[in-house]
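Participant: Got a predicted model here, sequence first, then my questions.
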Amino acid sequence: MASAAVRNPLAGFVLAILTSVALSAVAGFASTFVPYLEFRLFFLGVALFGVGAFAGRKTYLGTLGFFGGYLGAFAGLYLIEIFFWVNPWMELLALALALASGLGGFVTGKIGVAKLERIAEYAPGVRRCSACGARVGTSAHKCWSCKATLTY
């Protein structure tokens, strides 16, 4: 069985936001070449659901995938809308299309705490922090949860 990478959940959240910002900006820029507004919105809705699904894979929990995909897609789309297609409904369109990305992140980020505990239980080379009991990797020098120095 392959070992699971143990990392800070907030690092996954930041990775989801950054991934979603970059990919939603690319999708938003590519949509400027679509001729009709209806096709553009359909394209962006489907593309941003995929962006959120890809970004949500970097998180452990569905709520982090949702918020990471949502915040990142809103920032990326809003920047593209400011520079490339000015629209009086910019904020509302960015909020609605970012929701599609957030839903994609929620779908793929939903692993759940029970599954994480099961993965960590069977993962070779995982040990516990003596101060707080969090599972950390074998090469970790500090606990990601309480920042205590780990002893060997």
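Facilitator: On my side now, so go ahead.
Participant: lowest-pLDDT helix or strand in this protein?
Facilitator: Lowest by mean pLDDT, DSSP states H and E among the helices and strands of the chain is helix 113-122, with a mean of 63.
Participant: Tell me which helix or strand comes right after that one.
Facilitator: Sequence order places strand 127-128 as the next helix or strand after helix 113-122, per DSSP states H and E.
Participant: Name the surrounding residues that touch that following strand.
Facilitator: 134-138, 150 (C-beta atoms under 8 Å, 6 or more residues apart in numbering). For the C-beta atoms, the positions are set from N, CA and C on the backbone; glycine is no exception.
Participant: Please apply the same query to stretch 65-74.
Facilitator: Stretch 65-74 has contacts (C-beta under 8 Å, 6+ apart) with 12-21, 24, 48, 51-52, 55-59, 94-95, 97-110.
Participant: Buried ones among those residues?
Facilitator: Using 16 or more other C-beta atoms under 10 Å as the burial test, these include 12-13, 15-21, 24, 48, 51-52, 55-59, 94, 97-110 as buried.
Participant: residue ranges of the strands in this structure, please?
Facilitator: Applying DSSP state E to the chain gives strands spanning 127-128, 135-136.
Participant: Including distance to residue 8, could those strands go into TSV?
Facilitator: Output for the strands of the chain, formatted as TSV (distance: least, C-beta to C-beta, whole Å):
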stretch	distance to residue 8
strand 127-128	16
strand 135-136	10
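Participant: With respect to residue 37, which of the ones you listed lies nearest?
Facilitator: Residue 37 lies closest, by C-beta to C-beta, to one member of these: strand 135-136, at 49.6 Å.
Participant: Mind giving me the packing neighbours of the closest one?
Facilitator: Under the contact criterion of 3 or more C-beta pairs under 8 Å, 6 or more residues apart in numbering; DSSP states H and E, strand 135-136 touches strand 127-128.
Participant: Now the strand it packs on: average pLDDT?
Facilitator: Across strand 127-128, pLDDT averages out at 78.
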